[in-house]
Structure formats: C-alpha cells, structure tokens
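Novice: Build me a model:
(one chain, ligands or ions: 1)
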Amino acid sequence: MPSPIEALTPAVQSALVAAFGDELRGADPVLRPSQFADVQVNAAMALAKKLGRKPRDVAEAIVAHLDTDGLTTTAEIAGPGFINITFADDWIADRATAAQADPRLGVAPVEPQRVALDYSSPNVAKEMHVGHLRTTVVGDALARILEFAGHTVIRQNHIGDWGTPFGMLVEHLLDVGADSPTARLLETDPNAFYQGAREKFDADPTFADRARARVVLLQAGDPETLTVWRTLIDLSLRYLNRVYRTLGVTLTDADLAGESTYNDDLPVVCRELEEAGIATVDNGALVVFLPQFTGRDDQPVPMIIRKSDGGYGYATTDLAMIRDCVRRLHVDRILYVVGVPQSLHFEMVWATARRAGWLPDSTVPTHVKIGNVLGADRKILRTRSGDSLRLMALLDEAVVKARAYIDAARPDLPEDTRAEVAHQVGIGAVKYADLSVAHDSEYVFDLDRMLALTGNTGPYLQYATARIRSIFRGIGLDPETQTAPVRLEAPAERELALRLLDFPSVVTAVSTSLEPHRLSAYLFELAQAFSSFYEACPVLKAEDEPTRASRLTLCALTLRTLVQGLDLLGVEAPEQM
Ligand SMILES: NC(=[NH2+])NCCC[C@H](N)C(=O)O
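Specialist: Numbering: from 1, shown residues only. This is a model prediction of the structure:
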C-alpha cells in the first residue's frame with residue numbers, strides 16, 4: 001500500500017506533463033511533508049528556472065492540471081510558489097481501515113532478492129564485547145526487515161574459529177580434559193579459559209613448543225587435532241548461543257560460516273589470483289596491488305593474501321567468501337555488518353574480487369559500517385582495568401535494573417511475569433538504544449538513559465503498547481478483531497491516522513537504505529501521535545458508538561504497527577508493564 005505521499009506522486013507527475021509537456025514525464029515533483037499542510041509540492045521552484053517563468057505561475061499551472069480523484073481536498077499556493085496539499089479525510093480513513101484488515105499492515109512485498117548478510121562474527125574462546133552487540137543487533141534487525149520486505153536472507157555468522165591461537169587453545173583443552181571444570185569455562189567465562197592457555201604459553205616453554213607444533217598439525221588436518229578443535233568450538237558455541245538467546249537474535253548454528261569454512265579455498269584463491277596476474281610475490285608474501293588504493297606516498301597500498309610464512313588473513317577469507325556466495329548461493333547482494341575501520345579492507349577485497357571475475361556487476365556488496373560504543377568519558381567503553389566490557393555482564397545489569405523498576409511499578413503481577421517483563425524491558429532497552437542511532441555513529445553506553453520511560457527509548461515504546469493492550473483487556477476485546485471503519489473528526493485522530501499510513505513506506509525505505517534507526521524514529525513519532533490522540537479523544541467514553549468503534553480501530557492499528565515495528569527491530573513488547 002503506497003504511503004499518502006507515494007499515492008499522490010503520480011497525480012502530480014501527470015499534472016506536470018499536462019501543464020508543461022512530455023519532456024517532464026517521470027520528473028521528480030518534489031513532494032515533502034510540511035508543517036503547513038499534509039504535504040508540500042516544491043517542484044515549481046526548480047521548474048521555473050528551467051522554463052524561464054515565475055515560480056507562482058508554474059505552481060498555478062500545476063494546480064490547474066491537478067486531478068487527484070478524491071485523494072486530496074485542497075491545493076493552495078503559498079509564498080513564492082509552494083503548493084500546500086491536504087488529503088481528504090475519507091481517503092485517509094478508508095486507508096486506515098484497510099491497513100487494519102491487512103495482516104501485513106499494508107506493506108506490499110518488494111521484488112525479491114537473495115541477500116547474504118554477514119553479521120555478529122565474534123571470536124571463538126573469547127567473550128563477546130559491546131562491539132559485537134552492535135554487529136549482532138544491527139545485523140539481526142536488517143535480517144528481519146529484509147525478510148519482512150520480501151527478500152531471501154542468507155545469514156552468515158563468520159565466527160573467528162581459526163588461526164595461530166588455536167594451537168595453544170587445543171593444547172590447553174587436551175591438558176585439562178574436555179569434561180573438566182576448566183573446559184566448562186568455555187561455556188561460562190571464555191576469557192578465563194583463553195587467559196589460562198595464554199599464561200601457560202608465556203610461562204612454560206615446553207607448552208609453547210607443543211602449542212606451535214599443534215598449529216602445524218591443525219593446519220595439516222590431523223584428525224585427532226581436528227576432533228579436539230571441534231570440541232573447543234562446540235563448547236564455545238554453547239556460550240555464543242546463550243548470548244544469542246538472551247539477546248533474542250535469530251542466529252542459529254545453521255548460520256555458522258566460521259573462518260575455517262574456507263580453509264580449502266584459500267590456496268585456490270591465491271593460485272587463481274597469481275595465475276591471473278592480479279597477485280604477485282613481494283618479499284616472500286603474495287600481495288595484490290590495486291592502483292586506485294594509494295597511501296600517503298602515492299604508492300599503491302598492498303593487500304596481503306598470503307603471508308611470507310604461508311599463513312592467510314581476513315582478506316583471503318573474505319575473497320573466498322565472495323567467490324563462494326556468488327557461485328553457490330547466487331546472491332544479488334552481500335551485506336557486511338562490520339566496524340567502520342574495516343572500510344578500506346572491504347573496498348580492496350571487492351575491487352580484487354571484481355578483477356578476478358568472482359563478483360559480477362550484478363552483485364552489489366555493501367559495508368554496513370558500525371560505529372564505536374563509548375563510555376561516559378567518551379572513549380571506547382572499557383572496564384576500569386582497561387579490558388573490553390563483557391557483553392553478558394552489561395545485559396545482566398540491564399535486566400536487574402529493569403527488574404527493580406517493574407517490582408516497584410507492578411507489585412500486583414506474579415513473580416514469574418515480573419521476571420519475564422524485566423527481561424523483555426532490560427534487553428529491549430539495550431537493543432533499542434543501539435538501533436535508535438545511525439549505525440555508523442558512536443554513542444555513549446548509558447543504561448539509565450536506555451531504560452528511561454520517556455524519550456526515544458525501548459521502554460517508552462514498550463509502555464505505549466502495554467497501555468493500548470490494557471484498554472482492550474479492560475473491555476475484553478481482542479485488538480486483532482477490531483475492524484470497525486475508521487472515521488475522522490478530531491485533528492489528533494487525523495494526525496494519528498496519517499502517521500499510521502506511513503508504515504509501509506518506512507519499512508520499504510529502511511530495507512533499501514539499511515538504516516534501522518529510521519524505523520525507530522518513525523515508531524517514536526507514531527507513539528507520540530498516539531499519546532496526543534489519547535489525550536484529546538476519549539475512546540471508551542466517546543460521544544457515540546461509531547466514534548468509539550472507530551477510535552478502537554485506531555488504537556488497534558497503532559498497537560499492531562508498534563508491535564510489528566518493534567519486532568522488526570528485534571525488540572519484544574510485553575503484554576503488561
Ligand atoms: N568478515 C567479517 N565479518 N569480518 C569481521 C570479523 C570480526 C572479528 N571476528 C572480531 O570479532 O573482531
């Protein structure tokens with residue numbers, strides 16, 4: 001279902017053609033939301049210049065040829081040549097009624113694409129930190145939004161499960177035994193397991209030698225070593241999956257594509273690039289030089305794909321991943337939800353993949369850049385001892401704080417309900433805070449602000465949904481079955497209905513721009529419009545039955561839109577709070 005502005009656009013385009021001829025077919029009529037009307041047409045300004053006429057005359061000609069077939073009531077020229085347009089109440093009301101009857105709230109599926117989505121990607125045997133919170137939460141919101149829009153999403157969690165530290169980790173696991181309490185640390189406190197291995201490595205030269213020999217065995221595919229390595233990964237996955245379940249993200253073991261997945265492809269990638277003359281040996285390493293990427297000295301920046309010791313890095317793995325995604329999965333798009341600093345790395349990998357013929361022009365790669373999470377001192381969030389903050393500890397703290405709130409606000413709720421609501425509110429607050437700022441900007445991690453019941457926060461929106469549910473609970477009505485026709489009289493009703501009709505275009509826009517914070521901003525505005533409506537318009541005590549029924553439909557549609565919108569962000573909406 002097109003938004004009001006989208007519905008009006010073709011009519012204004014036709015008016016442009018009717019007034020000024022065929023060369024204006026397809027021209028952008030520049031429709032913008034306005035504080036003076038429902039929408040403003042700004043096309044006259046630019047057109048006047050082009051046509052050598054006064055903007056007001058151009059605006060008058062557009063209005064004279066405008067036929068909106070009942071969609072609008074007035075089109076008035078203001079100032080130098082703006083056209084202020086008002087939508088017809090009946091049209092808005094009919095659309096709102098139709099949206100409430102539609103399980104997809106008017107969101108029409110788009111032309112489906114196959115999208116590979118690389119997100120989360122933490123390292124095995126390491127605690128996830130707040131940086132991973134963002135790559136996980138933003139990636140998961142994008143997965144949900146793209147799927148809802150109609151695309152096929154192939155989630156790819158590139159866990160760091162390979163590399164030199166695994167010699168030491170495997171050797172440590174062999175020493176302590178897979179059933180030991182130390183091994184169980186991988187599930188509960190992976191950093192402690194890692195530290196244990198590291199300390200032995202630094203203190204005990206024979207252990208260090210064994211660790212080095214183990215790396216060689218691991219890379220050679222020694223079956224016994226691979227079995228222990230597999231156990232290490234499995235134990236670590238219990239930790240990762242616990243974080244994912246706590247966060248309520250949609251990643252499962254089926255989405256794992258660890259770095260090790262591409263081991264067999266890495267030599268092939270190197271050989272093919274060398275044979276094609278794209279990579280050359282330089283000081284013993286195999287490197288790709290791309291003339292378009294130059295450093296300060298104007299010399300090309302090398303991208304190393306095989307180190308002089310024969311080892312491989314991220315560049316080679318990422319090249320193998322592209323090659324595989326295009327060949328085997330036939331993707332139209334590849335999205336990488338990864339930190340801002342990796343930007344040049346990805347540009348170089350894509351350029352190399354294009355030259356090698358692995359990335360056709362029809363496949364579009366995008367780096368969804370993730371900004372840093374800061375502490376109150378505006379430096380990267382760390383513990384007092386300088387370590388990166390454990391994600392699980394932050395999440396636990398958020399839930400404890402939410403629990404204190406709900407215990408005080410709703411002592412009437414049963415204990416297990418309060419525990420569940422505290423979880424939904426605590427986790428929802430942290431996720432929403434992350435999703436309400438542009439993904440490439442930094443933000444300060446502040447639990448008190450995230451948990452506030454006012455402002456653009458998760459709890460504010462969750463509370464708005466709980467409040468609407470309580471209206472329906474009070475009269476024993478199911479909001480899903482509330483489909484009485486919407487009628488518009490009060491300005492606040494009209495304002496709310498107009499906002500509701502924007503949902504489909506917001507979802508579609510976010511699925512293209514990959515900016516979940518625009519959905520958050522929309523939901524916040526919608527909740528505010530609902531608040532104004534609820535203050536100005538009595539619902540249960542409305543003056544007559546059709547008005548009451550209409551207002552209940554507006555309440556139900558608002559509830560469904562907020563809950564659906566929050567769900568697309570991966571934020572749960574408690575039944576009560
Ligand atoms: N292609 C990628 N996903 N690269 C990002 C890897 C992130 C790395 N595993 C980390 O935890 O820092």
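
Novice: Report whether residue 117 is found in a strand, as I expect.
Specialist: Yes: the assignment for residue 117 by DSSP: H, G, I helix; E, B strand; the rest coil puts it in a strand.

Novice: Residue 571 in helix, strand or coil?
Specialist: coil.

Novice: need the contact list for it.
Specialist: 428, 431, 432, 435, 458, 461, 462 (CB atoms under 8 Å, 6 or more residues apart in numbering). All C-beta spots, glycine's among them, are computed from the backbone N, C-alpha and C.

Novice: Counting neighbours, which of these comes out on top?
Specialist: residue 458 (31 neighbours; other CB atoms under 10 Å).

Novice: my guess is it meets residue 424, correct?
Specialist: No: assessed by CB atoms under 8 Å, residue 458 is found out of contact with residue 424, at 9.2 Å.

Novice: before we move on, back to that, okay if I get the contacts of residue 571 as a markdown table plus pLDDT and distance to the ligand?
Specialist: Compiled in a markdown table, the contacts of residue 571 are given as follows (pLDDT from 0 to 100; distance: CB to the nearest ligand atom, whole Å):
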| residue | pLDDT | distance to the ligand |
| --- | --- | --- |
| 428 | 98 | 25 |
| 431 | 98 | 19 |
| 432 | 98 | 23 |
| 435 | 98 | 19 |
| 458 | 98 | 25 |
| 461 | 98 | 30 |
| 462 | 98 | 30 |
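
Novice: Residue 229: which of the residues you listed is nearest?
Specialist: Here the nearest of the contacts of residue 571 to residue 229, counting by CB to CB, is residue 431; it sits at 32.7 Å.

Novice: Helix, strand, or coil at the closest residue to residue 158 other than its chain neighbours?
Specialist: Closest residue to residue 158 apart from its sequence neighbours, by CB to CB, 6 or more residues apart in numbering: residue 121 at 4.3 Å. Following three-state DSSP, the label given to residue 121 is coil.

Novice: next one: residue 244
Specialist: Secondary structure assignment for residue 244 (three-state DSSP): helix.

Novice: now swap in residue 13 and tell me
Specialist: Quick answer, by three-state DSSP: residue 13 is helix.

Novice: so what's it up against?
Specialist: 24, 25, 26, 27, 29.

Novice: Please list the residues outside stretch 90-106 that contact it.
Specialist: Contact with stretch 90-106 is made by 1, 4, 70-72, 482-483, 485-488, 494, 497-498, 500-501, 503-504, 550, 553-554, 556-557, 560-561, 564, as judged by CB under 8 Å, 6+ apart.

Novice: From the ligand, how far off is residue 522?
Specialist: Separation of residue 522 from the ligand (CB to the nearest ligand atom, to the nearest Å): 29 Å.

Novice: Next, that residue: secondary structure please.
Specialist: Under three-state DSSP, residue 522 falls in the helix class.

Novice: That one: neighbour count?
Specialist: Using other CB under 10 Å, residue 522 is surrounded by 20 other residues.

Novice: That one contacts residue 501, doesn't it?
Specialist: No: taking contacts as CB under 8 Å, residue 522 lies outside contact range of residue 501: 11.6 Å.

Novice: which neighbours do the two share?
Specialist: Counting by CB under 8 Å, 6+ apart, nothing touches both residue 522 and residue 501.

Novice: So residue 151 versus the ligand, what's the distance?
Specialist: Look at residue 151 and the ligand: by CB to the nearest ligand atom, they are 20 Å apart.

Novice: List the contacts of that residue.
Specialist: Residues in contact with residue 151 (CB under 8 Å, 6+ apart) are 110, 112, 113, 114, 115, 511.

Novice: pLDDT score for it?
Specialist: For residue 151, the pLDDT comes out at 98.

Novice: quick one: low-confidence ranges for the protein?
Specialist: 384, 386 (pLDDT under 70).

Novice: Leaving out sequence neighbours, find the closest residue to residue 1.
Specialist: residue 106 (3.3 Å).

Novice: ok, now residue 555?
Specialist: Closest to residue 555 by CB to CB, 6+ apart is residue 468, at 5.3 Å.

Novice: Name the helix or strand for that neighbour, please.
Specialist: Here residue 468 sits within helix 458-474, counting by DSSP states H and E.

Novice: For the helix or strand just after that helix, buried residues please.
Specialist: Downstream of helix 458-474, the next assigned helix or strand under DSSP H and E is helix 491-500. Residues 492, 493, 494, 495, 496, 497, 498, 499, 500 are the ones in helix 491-500 that count as buried (16 or more other CB atoms under 10 Å).

Novice: Just the closest of these to residue 63, please.
Specialist: residue 498 (21.6 Å).

Novice: Report the buried residues of stretch 77-96.
Specialist: Across stretch 77-96, burial judged by 16+ other CB under 10 Å covers 77, 81-85, 87-89, 91-93, 95-96.

Novice: Please report how far the residue nearest to residue 555 lies from residue 449.
Specialist: Distance, residue 468 to residue 449, by CB to CB, to the nearest Å: 25 Å.

Novice: Same drill for these two, tell me which one is more crowded.
Specialist: Legend: neighbour count by other CB under 10 Å for residue 468 and residue 449, higher for residue 468 (26 against 13).

Novice: List the contacts of stretch 47-56.
Specialist: By CB under 8 Å, 6+ apart, stretch 47-56 touches 16, 20, 24, 44, 45, 57, 58, 77, 80, 81.

Novice: From those residues, pick the one nearest residue 192.
Specialist: residue 45 (64.7 Å).

Novice: dump the residue contacts of that closest one.
Specialist: Here residue 45 is in contact with 55, 80, 81 (CB under 8 Å, 6+ apart).

Novice: Who are the contact partners of the closest residue in space to residue 244 that isn't next to it in sequence?
Specialist: For residue 244, ignoring the flanking residues on the chain, the nearest one in space by CB to CB, 6+ apart is residue 251 at 5.2 Å. Neighbouring residues of residue 251 by CB under 8 Å, 6+ apart: 120, 136, 140, 155, 157, 244.

Novice: and if we set it to 10 Å?
Specialist: Counting by CB atoms under 10 Å, 6 or more residues apart in numbering, residue 251 makes contact with 119-120, 136, 139-140, 143, 155-157, 240-241, 243-245.

Novice: repeat for residue 467
Specialist: Residue 467 touches 527, 530, 531, 534, 555, 559, 576, 577, counting by CB under 10 Å, 6+ apart.
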